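J.: Dropping the sequence and predicted coords here.
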Amino acid sequence: MSSRALRRLKGEQRAQAALNALKLNDEDDRDEEEQMKSDKTAHKQKNMSNIFELIGEAGVDVCASDEETAERISDRQHEGAPLAKDAVKNEKSNKKKKKKKKKTLAENGTDGLSVEDDIDAFLETLEKKKGLSYQSADSSASEHRPVLYVEHRNLNPETELKRYFGARAVLGDQRSKQRQRQFHRCTWMTVFKDTWPRFSRPGISMTLVESKDGIQHFNFEHNRDYQQVQFKFFDAVESMDPNNFVILLQLNPYHIDSLLQLSDVCRMQEDQETARDLIERALYSFECAFHPVFSLTSGTCRLDYRRPENRAFHLVLFKHMIFLEKRGCPRTALEYCKLILSLDPDDDPLCMLLIFDFLCLRCREYTTLIRLYEEWEVHRNLSQLPNFSFSVAHSYYHLSQQEDISLVEKQQLKQKSNVLLQNALIMFPGALMPLLDRCTVQPDAAVSSHAFFGPSSQIGQHPALSELVSLYVGRCHSLWKEAGLMLWLEENVRQVLKRVDSQDPYVEDCQNKRKQRYQSAPRNIHRHVLMSEIKEATATLPLEVTTQPGMGFDPLPPLDSIFSYIRPERQNMGASNESTLSLFFRSLLPNFNLQRPEDRQEVARAGRELNQEVNRLMVAMRDMLANIQFREPQWEDNHDRDEEEWD
């Protein structure tokens, strides 16, 4: 046989082998498609524990189809079989069919959501298909967690803003700038901004003091260079010139106390954005100095507020929490409130319990507030605080208005809320009239004229109780402006009047408690009122608090402060020859202390009295200047009036 005939025979054999291979591959494709259909049917029927399996399988299927196509083509090339156009068309058609099926599956499973839509809405739709919701998942998981449990993702305000407005509206063009962004340390509370100065460690470190009974005590420490900067900061404070803080921050852009003080100056000048940015910069500096063992979420880490180094971290967190609440992120602010409270839950130096209830009501975390009240009532007597007494009843009322509970549960919750609200009104009757006044509600004549809720209920209160009531009314009055809440309040006020007229023994018991307690408020409550800056509560502060010079970087420092280093003394020349006018201006400084070289006690006592009188005068002058309102004169236009009248 000739070589030409042999080549023709081999070609026919190779073509027949290629056709057989294509047939086998087509049969394999049909088997694979049937297997995929059966797997998807079984996958739909079973209850998946992870909602991300749908997303993962979609990506795996696409990758698998591409790999299978590449393997088939490479196998045919190695076998020497020609790649016919029909084979390529079959591969493309199979791939298109699979993509089309996946596209229809995605459209049916997400109710018309496209791929470009928000991933949060996509996941929420998937959970609705499964019969779950975010609230049910969170509530079931939170039952087994401590009440002060902190989640890392909730410390970022963008997490809350994405729920309200979507990821695309919050992030904007940040995704396109991620490749150009420089590398910075990953932090939980803040993110380094490109507008900030170049970060270098300012000289703050954290050390582990002791670990006992599962509780770890830490301290922040300042190195020698940072201590020198701190001394320069004290000089800037005494100068009372904000420009000195700016100069100090230009040389030391991450000095904590300078950032705190300058933030207060910007806030007073109504530059909220700059004030918030300075606090975030201080927070970033602290987070970069954390000890490797220090945890934000465990709730077992403690920082002693008596140390000024630790005190600054408490204050930065508090100011950041206030900015978050004003920004419209109450859920994130509640997380920071838990964090501050967990740093020193026994002493509570910033009295976070006075704002915990407000943040829970703002973000509708009613079960969290009720749970804290039930767990801490035994050893902390939270019912003696007006804010908890009213807010817990508020929470039960909102829970009774939910639609996904039975009628019996609604009645039980409503009855519980009525009892708690009546007890709160009987215990704190002086809160009703100021609350109605702030809500612009005119009470009935029977209520306003009654002796129990009349002016005598406010006049007879102790100053400490007036301070707590004013703080609650000034902060939480906006939560009572719903029509349903006012009707609920009106019903319970009438029931309280009936109980008072019938001489209920609980009324007399509460009256005796008010007389025995609330004699004086502790220092942490005064500190919280000063930092909250609520006018109604600030006006009730005692004179010994308002006359004390205080600064934003350290309001009302503890009397038992622990100093790790002391500022060197400065020579004060010519103090004995100072005039009364110079003493007046020196009294404006925070560290003013009149001392004469004479050792006689009478002169020292006279100096202290002069210091107090000057401070009182300055407080009165500040109040007078704050209440002055300038109005432009309004002249009546009278063209017939003669010009000689102006002479």
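T.: Arrived safely, thanks for sending.
J.: which residues touch Ala232?
T.: Heads up, residue 232 is Lys, not Ala. Residues near Lys232 by CB atoms under 8 Å, 6 or more residues apart in numbering: Leu248. Any C-beta I mention is one placed from the backbone N, CA and C, and that applies to glycine too.
J.: Quick check: phi and psi on it?
T.: phi -70, psi -30 (degrees, to the nearest 10).
J.: Looking at it now. What's its pLDDT?
T.: If you check Lys232, the pLDDT there is 92.
J.: Look up how far Ala282 lies from it.
T.: 17 Å (CB to CB, to the nearest Å).
J.: Phe553 touches Gln261, doesn't it?
T.: Yes: between Phe553 and Gln261 there is a contact at 4.8 Å, judged by CB atoms under 8 Å.
J.: Contact partners for the closest residue to Ile525 other than its chain neighbours?
T.: Leaving aside its sequence neighbours, Ile525 sits nearest to Cys351 (CB to CB, 6 or more residues apart in numbering; 5.3 Å). Neighbouring residues of Cys351 by CB under 8 Å, 6+ apart: 524-525, 527-528.
J.: Same question for Arg276.
T.: For Arg276, the contact set (CB under 8 Å, 6+ apart) comprises 263, 320, 323, 327.
J.: By neighbour count, which of the residues you listed wins?
T.: Neighbour tally across the contacts of Arg276 (other CB atoms under 10 Å): the maximum, 27 neighbours, falls on Ser263.
J.: Send me the helix or strand hosting it as CSV with only the CA atoms.
T.: According to DSSP states H and E, Ser263 maps onto helix 256-268. This file holds the C-alpha atoms of helix 256-268, laid out as CSV (Å, rounded to 0.1, in the frame of the first residue of the first chain):
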residue,chain,number,x,y,z
ILE,A,256,-3.9,64.6,73.1
ASP,A,257,-4.7,67.4,75.5
SER,A,258,-4.0,70.1,72.8
LEU,A,259,-6.4,68.3,70.5
LEU,A,260,-9.1,68.1,73.2
GLN,A,261,-8.8,71.8,74.1
LEU,A,262,-8.6,73.1,70.6
SER,A,263,-11.7,70.9,69.7
ASP,A,264,-13.6,72.7,72.4
VAL,A,265,-12.5,76.1,71.0
CYS,A,266,-13.7,75.0,67.5
ARG,A,267,-17.0,73.7,68.8
MET,A,268,-17.7,77.0,70.6
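J.: Report the buried residues of that helix.
T.: 256-267 (16 or more other CB atoms under 10 Å).
J.: With distance to Trp376 as extra columns, can I get those in CSV?
T.: Putting the buried residues of helix 256-268 into CSV (distance: CB to CB, whole Å) gives the following:
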residue, distance to Trp376
Ile256, 31
Asp257, 33
Ser258, 37
Leu259, 33
Leu260, 30
Gln261, 34
Leu262, 37
Ser263, 32
Asp264, 32
Val265, 37
Cys266, 37
Arg267, 32
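J.: Redo those residues as TSV? Include pLDDT.
T.: Below are these laid out as TSV (pLDDT from 0 to 100):
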residue	pLDDT
Ile256	95
Asp257	93
Ser258	93
Leu259	93
Leu260	93
Gln261	90
Leu262	90
Ser263	92
Asp264	91
Val265	88
Cys266	90
Arg267	90
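J.: Now for these: which two are most distant?
T.: Maximum pairwise distance in these, criterion CB to CB, is 16.7 Å, between Ile256 and Arg267.
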